[in-house]
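A.B. asks: Provided below are the primary sequence and the corresponding predicted coordinates.
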Amino acid sequence: MTSRSLTDRLGGLAFGGDYNPEQWDEPVWKEDDELMRRAGVNLVTVGVFSWALLEPEEGRYDFAWLDAHLERLHAAGVRVDLATPTASPPPWFTLAHPDALTVRPDGTRLTHGSRDTYCLTAPAYRKAARDIAGALARRYGDHPAVALWHVHNEYATLCYCDHTAAAFRVWLRERHGSLDALNEAWGTAFWSQRYGSWEQVLPPRATNWHGNPGRHLDFRRFWSDVVVAAYREQRDAIRAHSDRPVTTNLMLPGYQNLNLWDLARELDVVSVDQYPGAPGLDAAADVAFHADRARSLGGGRPWLLMEQGTSTVYDGDRVLAKDPGDVLRHTLGHIARGSEGALFFQWRQSKAGSETWHSAMVPHAGPDSRIFREVTETGEAVARLAELAGSTVRAEVAVLHDPDAWWALGVDGLPSAELDYHGSLARAHRVLWDAGVTADFAHPAHALSRYRLVVAPALFLLSDAGAAGLRDYVAGGGTLLVQHASGYVDDRLHARLGGYPAAPLREALGVRVEEYRPLRRAERVALSDGSHGTAWSESLRAEGAEAVAAYTHGMLAGRPAVTRHGFGAGHAWYVSTRLDDAGYGALFARLLREAGAGPELPGLPAHVEAVTRHAPDGRRWRFLVNHRAEPVPLPKPGHDLLTGTTVSVLPAGGAAVLRLP
Amino acid sequence: MTSRSLTDRLGGLAFGGDYNPEQWDEPVWKEDDELMRRAGVNLVTVGVFSWALLEPEEGRYDFAWLDAHLERLHAAGVRVDLATPTASPPPWFTLAHPDALTVRPDGTRLTHGSRDTYCLTAPAYRKAARDIAGALARRYGDHPAVALWHVHNEYATLCYCDHTAAAFRVWLRERHGSLDALNEAWGTAFWSQRYGSWEQVLPPRATNWHGNPGRHLDFRRFWSDVVVAAYREQRDAIRAHSDRPVTTNLMLPGYQNLNLWDLARELDVVSVDQYPGAPGLDAAADVAFHADRARSLGGGRPWLLMEQGTSTVYDGDRVLAKDPGDVLRHTLGHIARGSEGALFFQWRQSKAGSETWHSAMVPHAGPDSRIFREVTETGEAVARLAELAGSTVRAEVAVLHDPDAWWALGVDGLPSAELDYHGSLARAHRVLWDAGVTADFAHPAHALSRYRLVVAPALFLLSDAGAAGLRDYVAGGGTLLVQHASGYVDDRLHARLGGYPAAPLREALGVRVEEYRPLRRAERVALSDGSHGTAWSESLRAEGAEAVAAYTHGMLAGRPAVTRHGFGAGHAWYVSTRLDDAGYGALFARLLREAGAGPELPGLPAHVEAVTRHAPDGRRWRFLVNHRAEPVPLPKPGHDLLTGTTVSVLPAGGAAVLRLP
Amino acid sequence: MTSRSLTDRLGGLAFGGDYNPEQWDEPVWKEDDELMRRAGVNLVTVGVFSWALLEPEEGRYDFAWLDAHLERLHAAGVRVDLATPTASPPPWFTLAHPDALTVRPDGTRLTHGSRDTYCLTAPAYRKAARDIAGALARRYGDHPAVALWHVHNEYATLCYCDHTAAAFRVWLRERHGSLDALNEAWGTAFWSQRYGSWEQVLPPRATNWHGNPGRHLDFRRFWSDVVVAAYREQRDAIRAHSDRPVTTNLMLPGYQNLNLWDLARELDVVSVDQYPGAPGLDAAADVAFHADRARSLGGGRPWLLMEQGTSTVYDGDRVLAKDPGDVLRHTLGHIARGSEGALFFQWRQSKAGSETWHSAMVPHAGPDSRIFREVTETGEAVARLAELAGSTVRAEVAVLHDPDAWWALGVDGLPSAELDYHGSLARAHRVLWDAGVTADFAHPAHALSRYRLVVAPALFLLSDAGAAGLRDYVAGGGTLLVQHASGYVDDRLHARLGGYPAAPLREALGVRVEEYRPLRRAERVALSDGSHGTAWSESLRAEGAEAVAAYTHGMLAGRPAVTRHGFGAGHAWYVSTRLDDAGYGALFARLLREAGAGPELPGLPAHVEAVTRHAPDGRRWRFLVNHRAEPVPLPKPGHDLLTGTTVSVLPAGGAAVLRLP
């Protein structure tokens, strides 16, 4: 579909950010041209929130202002990622289509005043979105400035209105075939929930006590399919008029109700937004987590960091600043793991509106600022990396991610609120990152045999096929770690009977979980190897597995806590509690050793990140980022693209990109 | 009304649980027959959540499947507690009767998808409930398998709809007689709330700031009466066709908005559900608390434990497991205190639906499991106790419980959020349980003279009659302990003037509380006897009472904190703060000693539970449960029904039921 | 407008409280007469919550009962502060005018049952309020008992209904002139919020994510104007029939959505209600905070304490008692700072209704009580202070208060939830109070040159004129302290570009804030002077200022934290973090010293309050309140009005009012 890659069009890696010139005026635009040149910006995202300007009243378009900006940018050598503005309908939409606004589970209908006040299932919204996307594509499909299309923004809003109810029923009919099958799947025999006709089925609106878990899960799946369909509609409207690649920016990990595997499949290039939740080393680990996810979602293809902040760390009720140097370190962290550049939200910090305090490339303080200086240095660095466009990253370890498992842990009535899906994934990834190991994410149904080690955290839901796949992976020689509370239910949320996890996986693990025993908040249980568990414990019986560590107290005293089982040509491990950091780290050290996997560059101290990009023609580049507070000598010197010199020591907080021989 | 008792029909004590065969299929039913036999099940509750199956569309009944199950169960020697399914209307009900769904105070109307989505005051719901109850009774009223009727399930849901408003007005007219009386009762002269006509009166819907407390209290009373009336309607519909006893399962302590004394009066046999909120010793104390409440609600008659979990402990945002051995210990705890058996929710752990993770007699892991083995052992134990059917329990101590006092502590604008009604009752009961003393609960209006000691915790509301009754109890020779913040308001929530508590009680106590002085969260005040108080303090003047302990610091320094007053032939104590555990225990030790009350079996160490059941013919059985971690020798050996042997030592965690000579 | 002052009419300072005789009956009224005489009550507020009695059905008035009470009070020598009852519409209002009830942002419409269930923009409510106010004024405008009019009560409730939407649009048109100007002001170019017609503009109802901050701010301003207009309507209706002064009772600091400067301007006498949030010394500081605010709102004129509690301290989920002696100490604290007396809510503690547990002058316990005894002593004390009626208080230090800055810190999307407006003001006032310094509050636009020291805490929003005014103040010789996160936005919430704070202020301060760096919750940063900062830090560059203290760690190490800049004839200080208590105190000690400001009576130990009232004719009285636990000798003896003796020592907790020579 797309004739040239994004980096071809840019002549190198992308650098830039969201650009909202409609918030400013002529003198600022002139300064923008100059500052973008200084910063090395070659790609800006335009139009994300411009619906009210582009279509000031329903059906009347005004493109003149956008024509002018595209002209100006093009003249300045800046390419455009042109957005459809459908994430934020204008105020006129609220008045014209009240039936197309978001409705909460309790029936509250939202109105404009923020963003995302629409319902994706409302015909009026879908038509309005298709129309504006089509109109933009007709006008700008061949515009020389346009290098990429950006559909919508961070699809996220759920809705429980009557349009949704109708669409949900259509989806359910297709998925389940019959009402009997739906009743069976949702377990409606319990609590007298059996449906006698399709029109009785409603979205999970406000109800008493626990809602039906099957309905919850199917509603999440349905909504994800709605999002994918809405994206496809816009993409297809664009493709009718343009040969440039199309994407939408994904949010990880839990912001969007999405099966990201499904949506990523539809994208010409996967793009993601990344904002850490803690500063310092945690932020760097979060960069790696997001980047490895983004690459994995695209099946290993190059991807694009669509948004990061120059100084934005979301920490609950406040937004912290990033550390000096993070702009470059985080940018390199993303590119190291496969991004074809780095964009920011946004170019210029808003002087008004809802995100006045979101950091930007040009802060309120203006170009005479630490932040803009770091942006400029980073832009120079990115420009020096043009040669590695199109190269990719390889991993020997995979962490399993299945959105069904996430949603399955979002139902009412679970045994513990501490079964945290995304936190478990991030923790598994982090222990690998701490060990210097590059990891992919994979779906349980993927071909896993290329990995030496596969980790399954929080895989509460596991389909029959997934369970069989994991067994086969082990039998074929793989090393598998399954963590507590995994494989408890199938893809209809039906509990696995006879002992958890699902039978084929039980066979590979050589254990049978007879009882789950959630722990109290802050309770710790001791294991025989000196480590401790929190959150969860299980009464399990070894059925062939050896006990690597056992519980030491209480009713579980002497019972296995961590097990290892040779099965076929491989080994399957099970850990029945949430290990403390030291215990978890030690477990992974052993797993990696036994699996024959390890860091990219052995011998580096912890938190000196090393990742390699591989070109199809065999060229390789090694990214090195020193997150430590002291200089680190390299195992051997190399030619650094960033400085154009040979480097043998990484300064504290410093980085290098070595062209490998 | 009922010709034969439940235990007559069962030939012994009841053992079993909720049974929902509609969630399973033929092979499982066959296994159920076998496993029930192994477990000694003789009674199962069927149909609690079967409305959607029994009446798949409005007015069309389908009993065939239920016929078959009753047939099968009867053939297997298992009797049935047949439920009316009215706690969970089917999805068709939502569409057919939107006016009969639950409405929250803010006007949100709930829909199906969970359970309990109905309004008890809606005519359409009441008719639907009467109809299905009547239809069941007509068909199964004489069925040989049916041993008990189970109306509804855990009546709980409040509603604020227009039907409720209309019914509330009718109830208020009847209670108050005139609008003037209502205005006076609710203190509507304040904040300009005077009603000029009945139609101005609304349920306590969403309003600004504090709602009127009188309206709150009357709404709670009204709703309790609605529940009782709704129960009576179904009961009467059943009685028209059946001579088997009728019950509904009560939830303690604060889940249901109910005057449990009122509802219990209508039950042929009191039945309760019991789920502890903490594991270990706390769970055992909770068993005793619930069991003593259940017995007391029935006026001392034998009652029935309708639901417990084999491994379910509700702990905030998680559900903990019970300890090994608890299935038997808890079961004996209930039977010791008067239950005619022990049922569980549920027989088989659901494989799907909203309570998939609620424990059961047959867990997901199947019969090859610790839990099913414990169930089987417990079933055997219960079978050995058949001879004590119909026997009862005696207590010398009573803890006062008045739902009006509970509701009075639920109004807006109280001086402290730490006036915790149910927590105070549980604490008073617990200090007695720790001391080995069996306690009743009693209403302040009950005849109290048969008790040596009466304890009044958190009796914030106390009617004129109640206050007089307590005075008379003391005058007649009783020992009374009144705790802080008691007797502050009358049954219209009008404050007692001239000093708290209500005058006749003040006379008996020989104190006048001049000021309440709530303490800050976590604040502790020291008393002269070395104990400490939290939550609350009072400035009181002794008017005849002696100060047993005084405050030592601050403005209350030197003022009495705990007092004792000889009055008539008895003694009245007052404690003006929430004593710490040691101080509270010491206070009760002295109270018990002075009142001449004590443990059933003196000489046992703490937490070896001893309770005696008495047959009308004089036979007696002593239940002994050792909650300690070490063996405990008995004062003298005895014949244990559980083992059929003579025992002289209780093993750690062990139990015995001695047939007393 | 008003011919005689309140104190003229009373013949001295006011003493009394809210009096709601409609809650009681004849015998109590008789006792009231006697007890008021004993307590020295000379002014009571009547009718605040009497709408339902005064107008039992719409348009029909019943004044007979009120006639009788006014007659009785007058006969007893008690004057009346007559209230309009419009804060609490009667139940009939709910039924008659459902469109005039409060609507929450999510659309929930409130009903009666509490108070304040009305919408100030609803024509039906406004008419009803005008009508009842006019009717009262017609009947009682010349009544000899009436000494003061009390409009409404604690105006507070916001509403989001359609009436509000319409009124908001009218207000916006007037403020902004054109839709283009509104779009520019609110930054609607961002997130596609541009309005194409006025009818698209809505109040800030429920929406997704962050709401538009400009809309939030303008809605707060609009609502404040609505309140002022509603007050003026009632005041004017009263003035048409009465020459007595008119007021409404203000609540400080954040309870009311009000620009208190605006409303205070309309009041014949400023009156405020004061309830502390913590007991002990904190309560005394809170008295001073409220009293200084009240005086400042009236431009230094005498004001009136309309409500305090004899024993009411709001502490989150409980209401604590005050300490013995506080009734007098707090009363003197208010009068010392300019109040013309002290009133309480309420005379007699309610026996029923929503405020049954609010303290009163006559508690539930009756006159034989500590509280009533203290009330009586306090009444005697107030009576002895008649000679100082009309005198005023002088301050050399001002703390800036701008409601726009408060509202600006209430928008969504700020960098930190720890930018606490009212807490920052209270803290600045408290550090002065601890140092014995009397402070005014002032608006940034006020003439400030009369103050030696001006403190600007939390002045996040600062208009162009305000910034220029502060610069001019310093240039003219003043000492200014600006605290972190001040001057970040202009009066449209547009960020100051090029560095914070606003340019003219930056010039005076000699610093430029380049970056804000919020701190994590509980994070502390060390400064070079040994103090620590929390909540916030900033990367600032000295542009002429000297660094008084610098950060010592992290990226800010060595950068200035506290600066001082000589500018023109004055000095401007900047502190870029929230200093700890010791550091904050030391900073103020230096500021006061350099500014030549100090305590009223040097040489007193901390927490012996000393404030002076000045009569126009030069007479002076010094209030002394000893908040310490030990006696304090006075620097020199003086004649004490309270005792009529010469005193040379203040006992622990004691007070004196010295007539200065």
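C.D. replies: Cool, got the structure. Everything quoted here is computed from the prediction, not taken from an experiment.
A.B. asks: just give me the neighbour total for the residue in chain A positioned nearest to chain C.
C.D. replies: Nearest to chain C, among the residues of chain A, is A:A352, at 2.7 Å (CB to the nearest CB). Heads up, the C-betas are built off the backbone N, CA and C, glycines and all. Number of residues near A:A352 (other CB atoms under 10 Å in any protein chain shown) recorded here: 23.
A.B. asks: around chain B, pick out the residues from the stretch 101-250 of chain A.
C.D. replies: A:106-107, A:185-197, A:199-202, A:204-215 (CB under 8 Å from any CB of the partner chain).
A.B. asks: quick one: buried ones out of those residues?
C.D. replies: When those are checked for burial by 16 or more other CB atoms under 10 Å in any protein chain shown, the buried set is A:106-107, A:185-196, A:200-202, A:204-215.
A.B. asks: which ones are touching A:L519?
C.D. replies: A:L519 sits next to A:S416, A:E418, A:V525, A:G533, A:T534, A:A535, A:W536, A:S537, A:T577, B:L320 when contact means CB atoms under 8 Å, 6 or more residues apart in numbering or on different chains.
A.B. asks: so which other helices or strands are in contact with the strand or helix carrying the third one?
C.D. replies: Translated: A:V525. Per DSSP states H and E: A:V525 is located in strand A:524-526. Contacts defined by 3 or more CB pairs under 8 Å, 6 or more residues apart in numbering or on different chains; DSSP states H and E place strand A:524-526 against strand A:532-534.
A.B. asks: paired strands for the strand it packs on, with orientation please.
C.D. replies: strand A:524-526 (antiparallel), strand A:578-579 (antiparallel) (DSSP bridges).
A.B. asks: most tightly surrounded among those strands?
C.D. replies: When these are scored by mean count of other CB atoms under 10 Å in any protein chain shown, the highest mean neighbour count falls to strand A:578-579 (a mean of 26).
A.B. asks: quick one: name the residues of the stretch 51-200 of chain A near chain C.
C.D. replies: A:51-53, A:56-57, A:85, A:88-92, A:94-95, A:102, A:104, A:108-117, A:157.
A.B. asks: of the residues you listed, grab the buried ones for PyMOL.
C.D. replies: To isolate the buried ones among these in PyMOL, judged by 16+ other CB under 10 Å, type:
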select buried, chain A and resi 51+52+53+85+88+89+90+91+92+94+95+102+104+108+109+110+111+112+113+114+115+116+117+157
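A.B. asks: from the residues of the stretch 51-200 of chain A next to chain C, which land in helices?
C.D. replies: Among those, the members found in helices (DSSP state H) are A:W51, A:A52, A:L53, A:P91, A:W92, A:T94, A:L95.
A.B. asks: reformat the strands paired with strand A:532-534 as JSON lines; add mean pLDDT.
C.D. replies: Shown next, in JSON lines, are the strands paired with strand A:532-534 (pLDDT from 0 to 100):
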{"stretch": "strand A:524-526", "mean pLDDT": "98"}
{"stretch": "strand A:578-579", "mean pLDDT": "98"}
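A.B. asks: between those strands, which gets nearest to C:T310?
C.D. replies: strand A:524-526 (50.2 Å; CB to CB).
A.B. asks: contacting residues around the closest one?
C.D. replies: So strand A:524-526 is contacted by A:L519, A:H532, A:G533, A:T534, A:S537, A:Y551, A:T552, A:H553, A:G554, A:L556, A:T577, A:D580 (CB under 8 Å, 6+ apart).
A.B. asks: thinking A:L54 is in contact with A:F63, fair?
C.D. replies: Yes - between A:L54 and A:F63 a contact is recorded at 6.8 Å, counting by CB atoms under 8 Å.
A.B. asks: in terms of neighbours, single out the busier of the two.
C.D. replies: A:L54 (22 against 16).
A.B. asks: confirm A:L250 sits in a helix?
C.D. replies: No - per DSSP: H, G, I helix; E, B strand; the rest coil, A:L250 lies outside any helix segment and is strand.
A.B. asks: bridged to it, which residues?
C.D. replies: Assigned bridge partners for A:L250, using DSSP bridges, are A:V272.
A.B. asks: from memory it sits against A:E266, does it?
C.D. replies: No - between A:L250 and A:E266 there is no contact under CB under 8 Å: 11.3 Å.
A.B. asks: who has more neighbours, those two?
C.D. replies: Neighbour count, other CB under 10 Å: between A:L250 and A:E266, A:L250 has more, with 26 against 16.
A.B. asks: contacting residues for the more buried one?
C.D. replies: By CB under 8 Å, 6+ apart, the residues touching A:L250 are A:E154, A:Q256, A:L258, A:L260, A:L263, A:A264, A:V270, A:S271, A:V272, A:D273, A:A294, A:L297.
A.B. asks: lowest-confidence one in the residues you listed?
C.D. replies: Of all these, A:Q256 carries the smallest pLDDT score, 89.
A.B. asks: wait, that one sits on A:N153?
C.D. replies: No - assessed by CB under 8 Å, A:Q256 is found out of contact with A:N153, at 10.9 Å.
A.B. asks: on the three-state scheme, A:G466 is what?
C.D. replies: When classified by three-state DSSP, A:G466 comes out as helix.
A.B. asks: show me the contacts for it.
C.D. replies: Counting by CB under 8 Å, 6+ apart, A:G466 has contacts A:D402, A:P444, A:A445, A:L459, A:A502.
A.B. asks: contact partners for A:A475?
C.D. replies: Contact analysis of A:A475 by CB under 8 Å, 6+ apart lists A:A508, A:F567, A:G568, A:A569, A:G570.
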